[in-house]
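[1] give me a 3D structure for the following:
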Amino acid sequence: MSNSRSVYSTDQGRLCPGCGKPVAACVCRQRSAAPLHKGDGNKGDGIVRIHRETKGRGGKGVSLIKGLPLDAEALKQLAAKLKQHCGTGGTVKDGVIEIQGDQRDKLSAYLQQQGYNVKLAGG
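    As a prediction, this is how the structure comes out:
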């Protein structure tokens, strides 16, 4: 097939869809103003969305916070504050904060206090 391309390599990990190099060594990101990778840049409509998801977690739910206009380090710091506020664990993956359990109401109130425009999304 002439239009097939690799998206993952066991040696190098995730590959850039633009240049075909590992995401960490991507050169097209520097050439282009528009980001090509999920989690890069801060595109969106300025609304922070809080989702609840259970897929792939054995029925355990997590609250996902998407759309925050922050860089990776600021996301980690905010995630630490949110985990402490909710009294649960969590992580940051691909520019999305994951907090264990259905904490949408607590997260929404806290983020609104911090000045974010928040919407509850999903089920």
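[2] hey, let's count contacts and neighbours off CA atoms from now on
    Fine.
[3] which outside residues touch stretch 71-87?
    68, 89-92, 95, 97, 99, 103, 106-107, 110 (C-alpha atoms under 8 Å, 6 or more residues apart in numbering).
[4] what's the PyMOL line that selects buried ones from the residues you listed?
    To isolate the buried members of the contacts of stretch 71-87 in PyMOL, using 16 or more other C-alpha atoms under 10 Å:
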select buried, resi 68+90+92+95+97+99+103+107+110
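[5] which ones among the contacts of stretch 71-87 lie within helices?
    106-107, 110 (DSSP state H).
[6] okay if I get those as a markdown table plus distance to Gly58 and pLDDT?
    Converted to a markdown table, those look like this (distance: C-alpha to C-alpha, whole Å; pLDDT from 0 to 100):
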| residue | distance to Gly58 | pLDDT |
| --- | --- | --- |
| Lys106 | 23 | 93 |
| Leu107 | 23 | 93 |
| Tyr110 | 28 | 92 |
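[7] of all the residues you listed, which comes closest to Cys28?
    Checking the ones in helices among the contacts of stretch 71-87 against Cys28 by C-alpha to C-alpha gives Leu107 as the nearest, at 35.9 Å.
[8] ok, now which ones touch the closest one?
    Going by C-alpha under 8 Å, 6+ apart, the list of residues near Leu107 reads 50, 82, 86.
[9] quick one: Thr88 and Ile99 touch, right?
    Yes - the criterion here is C-alpha atoms under 8 Å, and Thr88 meets it with Ile99 at 7.0 Å.
[10] how about TSV for the ones in helices among the contacts of stretch 71-87, with distance to Arg57 added?
    Listed next are those as TSV, based on distance: C-alpha to C-alpha, whole Å:
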residue	distance to Arg57
Lys106	22
Leu107	20
Tyr110	25
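[11] now, the most widely separated pair of the contacts of stretch 71-87?
    Gly95 and Lys106 (20.3 Å).
[12] I appreciate the help and will end here.
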